[in-house]
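J.: sequence-free structure coming up:
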């Protein structure tokens, strides 16, 4: 049944993303990413940039493991050539600043929700979600999903040590409806199959989102100490298989055997000339891409994803612009060794995590 739903969604516009676990988190034309996201202020549901600065999971987690000296895949040249021929979404290496990361503690109300057709069992977690006052969804000013986007609700519960990530949340007064919810234990180093083989999360690859976002605080401090989330149009993603650390893919993907698969980690070449970039903020991101790389997480148009600056002390304006990385082309990357392919079946087997 889920595969049939995925096939239908795959026939929709590419900007709608994929069939399970999110749709890329970007606007159709990237306009949401321009000029720095978010207004000034310090709402009660503020973002958690400190945790994002490399501190989400214990040492040894895949997200914080450097790949400077990691081996490249034997098919790296063919995969990169195919991506160069296709190009990034929107035709440029652009940044989306629209994903909010909220903070909750023991005083935050946990709210039950009604699962929608975007909730998959047993992939997703049917548990109450902490919703802080002043909460905002990705791409929205509040908690109502009015723009029909991905509407990610991401909450770091600091007292529980857990990360709650929901795709397609929609909260209107007492009515809380939601798609796939993935709850991550921040004290655990997850196995290669994540929360379970063939299982999605709030992103199609089955990854957590927040640990792969880079923040204004990190860029201002001059170091991003983790891998970065990136997305591609479905037509540029390999169909029918994925590789660890991804635990899932979608059948909305339309790429051939040389397309980038879910689970791919791309590393910016060490000899990329950082002087081509127009700002120090862009060079900070480039250095992270050389050291930790970027992991294909979802389908959509705007290639890179940063955390919104709505409640952070540091602001994106004057620090990093949405098009400051345009000089970086697909050919400037290399593909890290993939390992063994996992055929896509959608037969989610949760591992209790």
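T.: Perfect, thanks for sending it. Since we're looking at a predicted model, the values are computed, not measured.

J.: which ones are touching the residue lying closest to residue 296 once chain neighbours are set aside?
T.: Closest residue to residue 296 apart from its sequence neighbours, by C-beta to C-beta, 6 or more residues apart in numbering: residue 264 at 4.7 Å. (Each C-beta comes from the backbone N, C-alpha and C, glycine too.) Neighbour list for residue 264: 79, 243, 295-296, 335-336, 338 [criterion: C-beta atoms under 8 Å, 6 or more residues apart in numbering].

J.: Of these, which qualify as buried by neighbour count?
T.: 79, 243, 295-296, 335-336, 338 (16 or more other C-beta atoms under 10 Å).

J.: any idea which of those is closest to residue 104?
T.: Nearest to residue 104 among the buried ones among the contacts of residue 264: residue 295, at 25.8 Å, using C-beta to C-beta.

J.: Would you confirm that that closest one belongs to a strand?
T.: Yes - under DSSP: H, G, I helix; E, B strand; the rest coil, residue 295 sits within a strand.

J.: doesn't residue 245 make contact with it?
T.: Yes - using C-beta atoms under 8 Å, residue 295 is in contact with residue 245, at 7.4 Å.

J.: Name the residues contacting each of these two.
T.: Counting by C-beta under 8 Å, 6+ apart, the residues touching both residue 295 and residue 245 are 207, 263.

J.: returning to what we had before: so which of the buried ones among the contacts of residue 264 belong to helices?
T.: Using DSSP state H, the members of those that fall in helices are residue 79.

J.: distance of the residue nearest to residue 296 from residue 154?
T.: Separation of residue 264 from residue 154 (C-beta to C-beta, to the nearest Å): 23 Å.

J.: and what of residue 295?
T.: In terms of C-beta to C-beta, residue 295 sits 17 Å off from residue 154.

J.: cool, and residue 101?
T.: 5 Å.

J.: joint contacts of those two?
T.: With C-beta under 8 Å, 6+ apart as the test, residue 101 and residue 154 both reach residue 210.

J.: All the strands of the stretch 51-200 of the chain, residue numbers only.
T.: 95-99, 102-104, 110-111, 114-115, 129-130, 153-157, 162-166, 170-172, 175-178, 181-185, 196-197 (DSSP state E, counting those that start in this stretch).

J.: Serialize those strands to TSV and add fields for mean pLDDT and distance to residue 343.
T.: Converted to TSV, those look like this (pLDDT from 0 to 100; distance: least, C-beta to C-beta, whole Å):
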stretch	mean pLDDT	distance to residue 343
strand 95-99	96	30
strand 102-104	97	36
strand 110-111	98	38
strand 114-115	98	27
strand 129-130	98	33
strand 153-157	98	30
strand 162-166	98	26
strand 170-172	98	34
strand 175-178	98	29
strand 181-185	97	22
strand 196-197	98	11
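
J.: Quick one, which of the ones you listed gets closest to residue 282.
T.: That would be, of the strands of the stretch 51-200 of the chain and by C-beta to C-beta, strand 95-99, which comes in at 9.2 Å.

J.: Pairing partners for that closest one, with directions?
T.: strand 304-307 (parallel) (DSSP bridges).

J.: Pull the residues that contact the strand it pairs with.
T.: 25-26, 47, 49, 52, 93-97, 99-101, 209-210, 212-216, 228-231, 285, 294, 316, 320, 325.

J.: Residue 86 touches residue 238, doesn't it?
T.: No - between residue 86 and residue 238 there is no contact under C-beta under 8 Å: 11.6 Å.

J.: Please enumerate the shared neighbours of those two.
T.: Between them, residue 86 and residue 238 share the contacting residues 255, 259, judged by C-beta under 8 Å, 6+ apart.

J.: More neighbours: which of the two?
T.: Neighbours per residue (other C-beta atoms under 10 Å) separate residue 86 from residue 238, with residue 238 holding more: 25 against 19.
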